[in-house]
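Peer 1: model this:
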Amino acid sequence: MTGTVRRPAPAPTAARSAVPGLDAPGPGPGPDDLGQPDGYSIGELAETAGVSVKTVRFYSDSGLLPEAGRSPGGHRRYGAGALERLRTVRRLRALGLALPAVADVLHGEAELAGALARQRQETHRQMAELRWREAALAAFELAGPEGLELLGEALDSPPGPDVLAAFWRRILPVRLPARLTTAIVGSAVPELPTDPTPQQALAYARLHALASDRAAAASIRELTGPGPGCDAVKMYDGLGEAYELAGQELRAGRPPAAGGALDCFVQAHAAAERTTDSADYRRGLAARTIGRRDPRMERYWSLAAELRADGEPDMGSAHTWLAAALKTSVRYA
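Peer 2: As a prediction, this is how the structure comes out:
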């Protein structure tokens, strides 16, 4: 078996003795050792603890259950405290602690509470991963012929934001300040549910496939990015405020219309292009906004919305609201 952890057992301390089995076994057998005047043989210890001899030997060889000595015939002997220590090892293992973590606790290199807290966090992570796998298996029936490749590729590693974040960094201007890039990526990448439905697992798989297409990202940046001579920093700074205002309109259930949010949206573009807001500028901006529509980005926002459990407006829904408001205002100007 693997996982051997050999360490010397330190002298017991008052702090660790509060937890049964965390003291090292005594230096030798004692007359009060549960009716064993000369300690335990490996077979006696295994039988008393209800485990196999192989298990006792493995823990001994791993340094978790030191021997008290050897019999005249060369057989292992275990002294006072060995039984409780063995039971403690089994309890820690039953709670999922790996051998190195068990050794750290037994040898006083880690607090029991801390080790258990870390194991709880790891168990939470594993359970989330299993819930995603379960949802993906259920989603296979929804996915059609593409299902195996689509879901298998997306869940080849635990679901997370990295692929989506990398997609946004590829479509944003290269020299955008880090503060803006971080803010945009943070807003654009949906937080993944910890207990997804099959529909959400499928949405994530499709989003993962879209975001993994580097050629698509390059063409999206060329189509939707700032034009020549445009101050990208000014534009994205202004758009952030416009999207926030549009989000308020969406939360209130108001239809796209002229107002502060649209004015902020137009001003962001006008300032970035070093011009002023006017009726003619708005007509041109409306035409450019329609011309820069990309069905792949519309699909991104649609899939991202499926993953968002809170139903809050995102950059995609805010942009759609503003584009519709601009179109409407120009039509009736």
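Peer 1: How far does stretch 55-75 sit from its chain's centre?
Peer 2: When distances are taken as C-alpha atoms, centre = their mean, to the nearest Å, stretch 55-75 is centred 42 Å away from the chain's centroid.
Peer 1: typo on my end, stretch 259-277
Peer 2: 38 Å.
Peer 1: Contacts for that stretch, please.
Peer 2: With contact meaning C-beta atoms under 8 Å, 6 or more residues apart in numbering, stretch 259-277 is reached by 226-227, 229-232, 234-235, 237-239, 241-242, 245-246, 248-249, 281-282, 285, 321-322, 325-326, 329. In this view, the C-beta of every residue, glycine as well, is placed from N, C-alpha and C.
Peer 1: can we see that at 7 Å?
Peer 2: Stretch 259-277 has contacts (C-beta atoms under 7 Å, 6 or more residues apart in numbering) with 226, 230-231, 234-235, 238-239, 241-242, 245-246, 249, 281-282, 285, 322, 325-326, 329.
Peer 1: pLDDT averaged over that stretch - what is it?
Peer 2: Averaging pLDDT along stretch 259-277 gives 96.
Peer 1: Also stretch 156-164?
Peer 2: Mean pLDDT, computed over stretch 156-164, is 93.
Peer 1: distance between the ends of it?
Peer 2: This stretch, stretch 156-164, spans 15 Å end to end (C-alpha to C-alpha, to the nearest Å).
Peer 1: What of stretch 159-178?
Peer 2: Taking C-alpha to C-alpha, stretch 159-178 runs 25 Å from one end to the other.
Peer 1: which other helices and strands contact the helix or strand harbouring residue 130?
Peer 2: Assessed by DSSP states H and E, residue 130 sits inside helix 112-143. Under the contact criterion of 3 or more C-beta pairs under 7 Å, 6 or more residues apart in numbering; DSSP states H and E, helix 112-143 touches helix 99-106, helix 147-154, helix 198-211.
Peer 1: Kindly reformat the ones you listed as JSON lines containing distance to residue 74.
Peer 2: Shown next, in JSON lines, are the helices and strands packed on helix 112-143 (distance: least, C-beta to C-beta, whole Å):
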{"stretch": "helix 99-106", "distance to residue 74": "26"}
{"stretch": "helix 147-154", "distance to residue 74": "55"}
{"stretch": "helix 198-211", "distance to residue 74": "59"}
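Peer 1: Now mean neighbour count and distance to residue 52 too, for these, in TSV please.
Peer 2: Output for the helices and strands packed on helix 112-143, formatted as TSV (neighbours: other C-beta atoms under 10 Å; distance: least, C-beta to C-beta, whole Å):
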stretch	mean neighbour count	distance to residue 52
helix 99-106	21	17
helix 147-154	16	39
helix 198-211	22	41
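Peer 1: Quick one: low-confidence residue ranges for the stretch 151-300 of the chain.
Peer 2: Of all residues in the stretch 151-300 of the chain, none has pLDDT under 70.
Peer 1: what ranges do the strands span in the protein?
Peer 2: In the chain, the segments counted as strands under DSSP state E are 40-41, 69-70, 76-78.
Peer 1: Just checking: what are the partner strands of the second one?
Peer 2: When you say that, I think you mean strand 69-70. According to DSSP bridges, strand 69-70 has the following sheet partners: strand 76-78 (antiparallel).
Peer 1: So which bits of the strand it pairs with are buried?
Peer 2: Neighbour-count burial for strand 76-78, counted by 16 or more other C-beta atoms under 10 Å, picks out 76-78.
Peer 1: need these in a markdown table with pLDDT, can you?
Peer 2: Below are the buried residues of strand 76-78 laid out as a markdown table (pLDDT from 0 to 100):
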| residue | pLDDT |
| --- | --- |
| 76 | 88 |
| 77 | 90 |
| 78 | 91 |
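Peer 1: tell me, what residue is most central in the protein?
Peer 2: Closest residue to the average C-alpha location of the chain: residue 160 at 5.1 Å, with C-alpha atoms, centre = their mean.
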